[in-house]
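A.B. asks: Got a predicted model here, sequence first, then my questions.
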Amino acid sequence: MLLIDKYKPTSTKEIFGQDRAIDELKKCIKSKKTAILLGKSGIGKTASIYALANEFNYEIVESNSSDIRNKEGVINFLGSASSQGSLFYDGKLILIDEIEGMAGNADKGGLNAVTEIIKKSNFPVILTCNDVQSKNFSSLKKICKVISFEPLSYSIVFELLKNVSKKEGLGIQDDLLKSLAIKSNGDARAALIDLEFFRYNDFSDVNFLSRDMSQDVSQALRVLFKSKNPKSISEVFDSLHEDLDEITLWIEENCPKEYSGEDLASCFDSLSKADVFNGRIIKRQYYRFLVYRRILMSLGVGLAKKEKKLGQVNYTRSSRILKMWIWNNKNLRKKSISGKIGGITHASLKKSFKEFIFYKHLLNDKTFISELELNEDEIEWINKN
């Protein structure tokens with residue numbers, strides 16, 4: 001079990017540094033008011049909700065905003081959840097995590113639907129987000145209590161890491177734990193994920209850790225490629241804020257550094273199947289296929305190995321996009337000339353570009369060049385090539 005799951009708070013007494021916010025949230029729940037919990041990730045917003053629900057013996061009905069991004073999705077989820085009582089608990093809480101995910105282009109009436117259902121809900125609705133400054137949230141903020149969760153101080157994160165390290169018998173020096181706490185930037189979840197690596201690796205310092213995106217992904221890849229624990233692998237992307245397209249590029253670039261032979265073939269087979277599901281999501285809007293894509297990218301890739309490769313590998317971002325940019329830039333003039341050739345030969349750009357070599361001798365003909373109406377850059381390219 002991952003440390004972030006093993007040491008998840010079960011009561012508000014186990015959450016430090018957020019007393020004022022928790023008190024305000026408790027009042028909202030008791031009075032059945034809707035609240036928006038504002039603050040960066042990993043500082044206890046969702047943990048506080050679950051801790052209070054446990055103390056009140058409330059059922060939590062949770063959905064991420066990415067699961068209900070339009071009006072129909074909101075009505076299907078919130079419509080019934082906001083009106084039906086709980087069978088086995090004293091009450092119910094409705095949680096929509098990362099509500100800012102509904103403020104993008106994919107939101108089709110979703111926020112308005114949330115606003116309308118909140119007004120009619122029989123139970124408290126709790127929303128979480130990193131930023132509610134967007135104008136899209138103006139109607140929501142009028143009917144919700146905005147509760148700010150503050151970033152955790154490094155001393156609080158240090159005490160948390162020290163306690164976990166002691167219970168796990170990791171034997172990590174305080175100086176290293178303090179470095180982990182400082183590098184976490186007040187994100188307790190990220191700090192525990194960093195600490196996770198000391199269970200599988202022997203690091204003498206934490207210089208390899210950083211809270212920038214590339215290092216976050218690198219740490220996730222270490223678990224993906226080094227661990228053989230299915231639960232750890234299945235949850236490896238949960239703490240990342242990058243989209244699956246970006247993560248795919250990282251896996252594709254770095255799996256040959258960790259895998260070879262049949263393991264590598266199995267890894268790429270899982271990636272290719274994940275890409276098939278992604279294509280269906282894009283083409284048919286079947287967002288329920290996201291779960292299959294995530295499984296193939298995590299468990300499919302992580303369990304492709306028979307044995308983990310020993311030693312530390314430096315993971316790098318995919319260079320494929322850069323290579324494509326260089327290639328396109330290098331062939332920019334050729335493509336523009338091919339397009340003009342296609343215009344007078346009634347052929348597509350793709351066909352003209354592919355058959356460019358057959359037209360090349362005509363580019364020495366002034367009449368042909370004149371008919372193409374080439375600019376100075378294109379003429380210069382022809383003279384050089």
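C.D. replies: Nice, I can see it.
A.B. asks: neighbouring contacts of the lengthiest helix in the chain?
C.D. replies: The single longest helix within the chain, with elements called by DSSP state H, is helix 261-284. With CB atoms under 8 Å, 6 or more residues apart in numbering as the test, helix 261-284 has contacts from 244-245, 248, 251-252, 255-256, 259, 286-287, 289-290, 292-293, 296-297, 300-301, 304-306. To be clear about C-beta, it is placed using only N, CA and C from the backbone, and glycine gets the same treatment.
A.B. asks: domains of this structure?
C.D. replies: For the chain, the domain assignment from automatic domain parsing gives the residue ranges 3-148, 152-211, 224-328, 331-384.
A.B. asks: Dump the ones you listed to TSV, plus distance to Ser218 and mean neighbour count.
C.D. replies: Below are these laid out as TSV (distance: least, CB to CB, whole Å; neighbours: other CB atoms under 10 Å):
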stretch	distance to Ser218	mean neighbour count
domain 3-148	18	17
domain 152-211	8	18
domain 224-328	5	16
domain 331-384	33	14
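A.B. asks: Mind putting these into CSV with mean pLDDT?
C.D. replies: CSV is the format used below for the domains of the chain (pLDDT from 0 to 100):
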stretch, mean pLDDT
domain 3-148, 78
domain 152-211, 77
domain 224-328, 83
domain 331-384, 79
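A.B. asks: now these in CSV, with distance to Val217?
C.D. replies: Shown next, in CSV, are the domains of the chain (distance: least, CB to CB, whole Å):
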stretch, distance to Val217
domain 3-148, 15
domain 152-211, 11
domain 224-328, 5
domain 331-384, 31
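A.B. asks: Tell me where the stretch 101-250 of the chain has helices.
C.D. replies: Per DSSP state H, counting those that start in this stretch, the stretch 101-250 of the chain carries helices over the ranges 110-120, 138-143, 154-168, 174-183, 188-196, 213-226, 230-234, 244-258.
A.B. asks: helices and strands around the fourth one, which ones?
C.D. replies: Looking back up the chat, that one is helix 174-183. helix 154-168, helix 188-196 (3 or more CB pairs under 8 Å, 6 or more residues apart in numbering; DSSP states H and E).
A.B. asks: which SS state does the residue of the chain positioned farthest from its centre fall under?
C.D. replies: For the chain, the residue at maximal distance from the C-alpha centroid (CA atoms, centre = their mean) is Thr367, at 55.7 Å. For Thr367, the assignment made with DSSP: H, G, I helix; E, B strand; the rest coil gives helix.
A.B. asks: For Phe16, see how far away it is.
C.D. replies: Counting by CB to CB, to the nearest Å, the gap from Thr367 to Phe16 is 81 Å.
A.B. asks: Ok, His361 next?
C.D. replies: Per CB to CB, His361 is found 77 Å from Phe16.
A.B. asks: Next, give phi and psi for the closest residue to Phe368 other than its chain neighbours.
C.D. replies: Nearest residue to Phe368, sequence neighbours excluded (CB to CB, 6 or more residues apart in numbering): Leu362, at 4.7 Å. Reported as degrees, to the nearest 10, the phi and psi values for Leu362 are phi -80, psi -20.
A.B. asks: Also Gly42?
C.D. replies: Dihedral pair for Gly42: phi 80, psi 20, per degrees, to the nearest 10.
A.B. asks: is it true that it touches Ala190?
C.D. replies: Yes - judged on CB atoms under 8 Å, Gly42 makes contact with Ala190 at a distance of 5.3 Å.
A.B. asks: could the helices and strands packed on helix 174-183 be laid out in CSV, adding distance to Ala181?
C.D. replies: Below are the helices and strands packed on helix 174-183 laid out as CSV (distance: least, CB to CB, whole Å):
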stretch, distance to Ala181
helix 154-168, 4
helix 188-196, 6
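A.B. asks: Among those, which comes closest to Phe353?
C.D. replies: helix 188-196 (46.7 Å; CB to CB).
A.B. asks: elements contacting the closest one?
C.D. replies: Applying 3+ CB pairs under 8 Å, 6+ apart, one finds that helix 188-196 contacts helix 3-6, helix 154-168, helix 174-183, helix 213-226.
A.B. asks: Distance to Ala35 added to the ones you listed, as JSON lines?
C.D. replies: Shown next, in JSON lines, are those (distance: least, CB to CB, whole Å):
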{"stretch": "helix 3-6", "distance to Ala35": "24"}
{"stretch": "helix 154-168", "distance to Ala35": "23"}
{"stretch": "helix 174-183", "distance to Ala35": "29"}
{"stretch": "helix 213-226", "distance to Ala35": "29"}
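A.B. asks: What sits closest to Asp174 if chain neighbours are left out?
C.D. replies: Leaving aside its chain neighbours, Asp174 sits nearest to Lys162 (6.9 Å; criterion: CB to CB, 6+ apart).
A.B. asks: Am I right that that neighbour is in contact with Lys178?
C.D. replies: No - applying CB under 8 Å, one finds Lys162 not in contact with Lys178, separated by 9.0 Å.
A.B. asks: Show me the contact partners of stretch 248-260.
C.D. replies: Contact with stretch 248-260 is made by 217, 221, 224-225, 264, 266-268, 271, 274-275, 297, 301, 304-305, 308-309, 313, 315-321, as judged by CB under 8 Å, 6+ apart.
A.B. asks: Please read the previous query as pertaining to stretch 377-385.
C.D. replies: Against stretch 377-385 from outside (CB under 8 Å, 6+ apart): 333-334, 336-337, 363, 369, 374.
A.B. asks: Return the closest of the residues you listed with respect to Ile126.
C.D. replies: Of these, the one sitting nearest to Ile126 (CB to CB) turns out to be Ser336, at 54.8 Å.
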